[in-house]
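Enquirer: Have a look; sequence and predicted model below, questions after that.
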Amino acid sequence: MSYQCKTKIAVIGAGHAGIEAALAAARMGVDTVLFTLSLDAVANMPCNPSIGGTAKGHLVYEIDALGGEMGRVADLVTLQSRTLNTGKGAAVQSKRVQADRMKYRALMKTVLEKETNLRLVQAEITDLLTEEREGKKYVRGVRTRLGEEWLCEAAILAPGTFLESAIFVGSNVFEAGPDGLLPAKGLSQSLRDAGIRLVRFKTGTPARVKRSSIDLAQLEEQPGEHEILPYSAQTAETYFDSLAQIPCHIVYTNAETHRVIRENIGRSALYSGKIHGTGPRYCPSIEDKLTRFADKERHQLFVEPMGENTEEMYIQGFSTSLPVDVQHQMLRTLQGFEHAEIMRYAYAIEYDCADPTQMDASLAFKDLQGLYGAGQFNGTSGYEEAAAQGLVAGINAARWVQKKPPIILERAGSYIGTLIDDLVTKGTNEPYRMMTSRSEYRLLLRQDNADTRLTPIGYEAGLISEARYQTFLRKKALQNAEMERLEHTHLSPAEANVFLEAHGETPVKSGVSLADLLRRPPIDYKTLSEIDPARPELPRAVKLSVEVEIKYAGYANRQRAEVARRQRLEEKSLPDNLDYSAIRGLRIEAVQKLSSIRPLTIGQASRISGVSPADISVLLIYLGLK
């Protein structure tokens, strides 16, 4: 007889997805257990030591706005902060920080250990326990490698890249998880037995090099930015004012690097046929880059610190599965790396994950009640994508236990909503990475307004405290008041033209408001202070939002009108039990796709690959919605 324990929610995996899922559920008052293969690897960063990046920074801001933890902890362990794409519009500007890998892990583990309603348990889950009730399959519990059974009402699968994982370094192939940890064995088969479709994906990581063995003086230095805005609303804006940022560096591959790689490419696990999983198109290995972009004479690499108190340096952009002798050769062709010493070798990793079209927009499996998926298990790539899904899965698993309806984040309202909609509607045939180009509403989904879009939802879910919500409302009031003031503060042509001519701008012939001046591309909020002595003292975040909202108001309003137009389709629900094969006029491919994915709304149906506008018209007519 197995020893039995009880909980309400079991979360499998304590990576970035599992952490956010467990914290969300526990903070919503639901008894939760978070299982991990190793307590020493909680919140591990097996790949790059950073949080954020293009579109990923947006996700971190959204996670924080909903009440998640990633942004707050990332702020506390920041080594360097930079805003990417500053030469482009506000919609695509993204924050990225170098994080102290060890401190992040330690701090996040402490957060988990101190959380009420949450238990952190080192155990390998090998079996998912299910039962039939009234013709439906339900989660009953999970079983550990040691035979212990944990009965639960809901389970969240967030095993990262550990499911039946294998490491590839040249001709060496062995079962292991990231960073030399043990793989998760057995759970994949249990999931298949429960009717879950799994696929095989691949990712990889570069070597870590000893800092003192690199001649950094030969590299291009990349300093941090001067004025840092935190990820989290809980972090004071002045927190970073005294931060001594650690510089990163840039180096480039060269003809000799490419020669070494090309001469040995047949020894790469990727090109020798050993790897069968599909890798990420947007984060390829260096040998893959050379194959895809054969005309490029060099590739940019970033040399980044792994932490404040370690010699390990991460070579971003140099991921490979080439054997160790080639890794040494190619590394030492780089300028400043002539005597570089490898501390950890690069490797590729292959692992099992789920086809995400088996889930709905709450991240619940459609055919197994009480089961949720999150993170790389859902076919994504990256810490930020994982954490975002974990937060949503945790919220909805808790609401399932509490007998409440799920919270569905709309595609037009967040990058998290876009990410999940893409996964459950279109699926993915490679590790999915969030990019700003994936959202048709990116002008509305900026970093600076994440709190405006999502904090009310986090408050409704119970993850934003009353005190924090009131602080948010005060910030919003300050922003609205300042925008109103700028719109209604006018200057005479004489006053305005002195300012405009000083900045090389065309003069005006009639009075003009401060807001009108701010809408001119070269003029920013700081510059405007020259002719605005009465402006109030405002937080940096408020000033940024005011500037962006005023500058892009015309474009944003057009996009809001488009959202409203499309929203009509999102509000037209589709019955879950609709028999698409009985609808005359639908093409065979549409019937197959609609029957498989079972979209919740007409809007979601319209985004399914293989469903045409004509099919949508047929659906609308059939349901009497047109």
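Expert: All right, it came through fine.

Enquirer: Please identify the helix or strand for residue 168.
Expert: In this structure, residue 168 sits in strand 166-169 according to DSSP states H and E.

Enquirer: Distance from that strand to the middle of the chain?
Expert: Here strand 166-169 is found 25 Å from its chain centre; the criterion is Cα atoms, centre = their mean, to the nearest Å.

Enquirer: ok, the helix or strand following it: who's next to it in the sheet?
Expert: Scanning forward in sequence from strand 166-169 by DSSP H and E, the next helix or strand is strand 172-175. When pairing is defined by DSSP bridges, strand 172-175 lines up against strand 166-169 (antiparallel).

Enquirer: Now tell me what touches the strand it pairs with from outside.
Expert: In this structure, residues lying in contact with strand 166-169 by Cβ atoms under 8 Å, 6 or more residues apart in numbering are 173-176, 183, 269-270, 274-275, 321-324, 345-351. C-beta here means a position set from N, CA and C on the backbone, and glycine is covered the same way.

Enquirer: Now do the same contact list for the closest residue in space to residue 378 that isn't next to it in sequence.
Expert: Ranked by Cβ to Cβ, 6 or more residues apart in numbering and with sequence neighbours excluded, the top spatial neighbour of residue 378 is residue 356, at 4.6 Å. Neighbouring residues of residue 356 by Cβ under 8 Å, 6+ apart: 373, 378-379, 423-424, 427-428.

Enquirer: same check, this time on residue 393
Expert: With contacts defined as Cβ under 8 Å, 6+ apart, the neighbours of residue 393 are 17, 21, 156, 158, 362-363, 372-374.

Enquirer: If we use 6 Å, what do you get?
Expert: 21, 156, 363, 372, 374 (Cβ atoms under 6 Å, 6 or more residues apart in numbering).

Enquirer: cool, residue 306 as well?
Expert: Applying Cβ under 6 Å, 6+ apart to residue 306 gives the contacts 49, 101, 312, 314.

Enquirer: is it possible to export the residues you listed to TSV including neighbour count?
Expert: Converted to TSV, those look like this (neighbours: other Cβ atoms under 10 Å):
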residue	neighbour count
49	24
101	24
312	18
314	25
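
Enquirer: And these, which is closest to residue 500?
Expert: Within the set of the contacts of residue 306, residue 49 lies nearest residue 500; the separation is 45.8 Å, counting by Cβ to Cβ.

Enquirer: now the closest one: how far from residue 239?
Expert: Distance, residue 49 to residue 239, by Cβ to Cβ, to the nearest Å: 20 Å.

Enquirer: Contacts for stretch 290-299 next, please.
Expert: Defining contact as Cβ under 6 Å, 6+ apart, one finds that stretch 290-299 is touched by 252-254, 258, 261, 289.

Enquirer: what pLDDT, on average, does stretch 42-51 get?
Expert: The average of the pLDDT scores along stretch 42-51 is 96.

Enquirer: Name the helix or strand for residue 372, please.
Expert: Counting by DSSP H and E, the element that carries residue 372 is strand 371-373.

Enquirer: ugh, typo on my part, it should be residue 594
Expert: Under the criterion of DSSP H and E, residue 594 resides in helix 588-597.

Enquirer: That helix: how far from the chain's middle?
Expert: Using Cα atoms, centre = their mean, the distance between the centre of helix 588-597 and that of its chain works out at 29 Å.

Enquirer: ok, now stretch 428-436?
Expert: Distance of stretch 428-436 from the chain centroid (Cα atoms, centre = their mean) equals 10 Å.

Enquirer: One more: stretch 603-612?
Expert: How far stretch 603-612 lies from its chain's middle: 24 Å, per Cα atoms, centre = their mean.

Enquirer: Next: stretch 608-626.
Expert: Relative to the mean C-alpha coordinate of its chain, stretch 608-626 is positioned 32 Å out (Cα atoms, centre = their mean).

Enquirer: buried ones in it?
Expert: Using 16 or more other Cβ atoms under 10 Å as the burial criterion, the residues of stretch 608-626 that qualify are 608, 610-611, 615-616, 618-619, 622.

Enquirer: Could you tell me how many residues sit around residue 186?
Expert: 15 (other Cβ atoms under 10 Å).

Enquirer: which non-adjacent residue is nearest it?
Expert: If the residues on either side of it in the chain are set aside, residue 186 comes closest to residue 126, at 3.9 Å by Cβ to Cβ, 6+ apart.

Enquirer: Enumerate every residue touching that neighbour.
Expert: Each residue near residue 126 by Cβ under 6 Å, 6+ apart is listed here: 145, 186-187.

Enquirer: I'd like those as JSON lines, with distance to residue 92, pLDDT and secondary structure appended.
Expert: Compiled in JSON lines, those are given as follows (distance: Cβ to Cβ, whole Å; pLDDT from 0 to 100; DSSP: H, G, I helix; E, B strand; the rest coil):
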{"residue": "145", "distance to residue 92": "45", "pLDDT": "97", "secondary structure": "coil"}
{"residue": "186", "distance to residue 92": "43", "pLDDT": "96", "secondary structure": "coil"}
{"residue": "187", "distance to residue 92": "39", "pLDDT": "98", "secondary structure": "helix"}
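
Enquirer: Do you know the pLDDT at residue 568?
Expert: According to the prediction, residue 568 has pLDDT 85.

Enquirer: in which helix or strand would I find it?
Expert: With the criterion set as DSSP H and E, the secondary-structure element containing residue 568 is helix 553-570.

Enquirer: Name the residues of that helix that are buried.
Expert: Applying 16+ other Cβ under 10 Å to helix 553-570 flags 556, 559, 563, 566, 569-570 as buried.

Enquirer: what helices or strands is it leaning on?
Expert: In terms of contacts (3 or more Cβ pairs under 6 Å, 6 or more residues apart in numbering; DSSP states H and E), helix 553-570 is packed against helix 602-606.

Enquirer: Can you give the contact residues for the helix it packs on?
Expert: For helix 602-606, with Cβ under 6 Å, 6+ apart as the criterion, the contacting residues are 425, 569-570, 572, 599, 611, 616.

Enquirer: And stretch 218-229, by the same measure?
Expert: Outside stretch 218-229, the residues that touch it by Cβ under 6 Å, 6+ apart are 80-83, 240, 245, 247-251, 335-336, 540-541.

Enquirer: Can I have the buried ones of these as a PyMOL selection?
Expert: With 16+ other Cβ under 10 Å as the burial test, the buried ones among the contacts of stretch 218-229 are selected in PyMOL as follows:
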select buried, resi 80+81+82+83+240+245+247+248+249+251+336+541
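
Enquirer: Quick check, pLDDT for the residue nearest to residue 378.
Expert: In this prediction residue 356 is given a pLDDT of 97.

Enquirer: okay, and for the stretch 1-150 of the chain, where does confidence drop off?
Expert: Regions of the stretch 1-150 of the chain meeting the criterion pLDDT under 70 cover residues 1-2.

Enquirer: Who are the contact partners of residue 197?
Expert: Shown here is residue 197, whose contacts under the criterion Cβ under 6 Å, 6+ apart are residue 355.

Enquirer: So which of the contacts of residue 356 are in helices?
Expert: Those of the contacts of residue 356 mapping onto helices are 423-424, per DSSP state H.

Enquirer: now the contacts of residue 356 as TSV including pLDDT, neighbour count and distance to residue 551?
Expert: Output for the contacts of residue 356, formatted as TSV (pLDDT from 0 to 100; neighbours: other Cβ atoms under 10 Å; distance: Cβ to Cβ, whole Å):
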residue	pLDDT	neighbour count	distance to residue 551
373	98	29	40
378	98	29	36
379	97	23	37
423	97	24	33
424	96	25	35
427	94	18	37
428	93	20	35
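
Enquirer: Going by residue numbers, what spans are helices in the stretch 301-450 of the chain?
Expert: Using DSSP state H, counting those that start in this stretch, the helices of the stretch 301-450 of the chain run over residues 324-331, 383-401, 415-426, 450-461.

Enquirer: Indicate which one of the ones you listed is closest to residue 498.
Expert: It's helix 450-461; of the helices of the stretch 301-450 of the chain, that one is closest to residue 498 (Cβ to Cβ) at 35.4 Å.
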